[in-house]
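Fold the following for me, if possible:
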Amino acid sequence: MRIYILTIFFTLLTIFSCNNNDVYFNYGGQIDLADESIFFSSIEDDLSISKVEGEIIDVCPKKGCWMNVKVAEDTLFVKFKDYGFFVPTDGVQGKKVYMSGEIFKDTISVARLRHYAEDAKKPESEIMSITEPEFMLNMIADGVAIREN
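Model prediction:
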């Protein structure tokens with residue numbers, strides 16, 4: 001019985017004493033997280049910044065070729081430079097992400113909005129209800145680091 005209790009005690013001690021470092025997976029170019037202070041947590045109409053952090057809202061369910069990221073009060077629509085890499089299609093929603101690239105404002109056409117809605121497997125009625133273009137903050141990311149744990 002003592003051996004059993006000691007085994008449980010040392011197992012719990014080992015589990016709780018392990019270093020709980022965050023693990024990030026890089027996609028595209030390497031993201032250096034040694035100094036996280038260089039990543040902005042809000043955009044505030046400053047389109048000159050190139051490194052931001054946020055939370056993934058959703059990802060293209062077909063192949064991970066775009067994602068929407070919450071950056072403070074803004075939603076940033078992110079595509080990947082030269083269609084050169086993709087992110088996982090599921091399991092990343094709600095995770096922290098660091099990105100580098102070019103941020104700009106863009107008008108998204110009705111046709112493109114409908115295409116994104118189709119990719120997201122929205123109902124046909126919702127797709128056809130898109131009748132006006134949208135003005136969005138966009139990013140062409142050359143590198144993305146997604147928190148795994």
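
neighbours of A120, just the number please.
By other Cβ atoms under 10 Å, the residues close to A120 number 16. (C-beta placed from N, C-alpha, C; glycine too.)

ok, it to E73 distance?
According to Cβ to Cβ, to the nearest Å, A120 and E73 sit 22 Å apart.

Also S100?
In terms of Cβ to Cβ, S100 sits 21 Å off from E73.

The two: who's more crowded?
Between S100 and E73, counted using other Cβ under 10 Å, S100 has the larger neighbour count: 22 against 8.

Return the backbone torsion pair for the more buried one.
Backbone torsions of S100, given as degrees, to the nearest 10, read phi -130, psi 150.

I'd like to know how far the spatially most central residue of the chain sits from E36.
The centre of the chain sits closest to I56, judged by Cα atoms, centre = their mean, with a distance of 3.7 Å. Separation of I56 from E36 (Cβ to Cβ): 17 Å.

swap in K51?
From K51 to E36 the distance is 10 Å (Cβ to Cβ).

Name the residues contacting each of the two.
Common contacts of K51 and E36, defined by Cβ atoms under 8 Å, 6 or more residues apart in numbering, comprise Y98.

More neighbours: which of these two?
Neighbours were counted for K51 and for E36 using other Cβ under 10 Å; K51 has more, 16 against 11.

pLDDT-wise, which helix or strand of the protein ranks last?
Least confident element among the helices and strands of the chain, by mean pLDDT, DSSP states H and E: helix 2-17 (a mean of 52).

Tell me if A111 really is in a helix.
Yes: assessed with DSSP: H, G, I helix; E, B strand; the rest coil, A111 lies in a helix.
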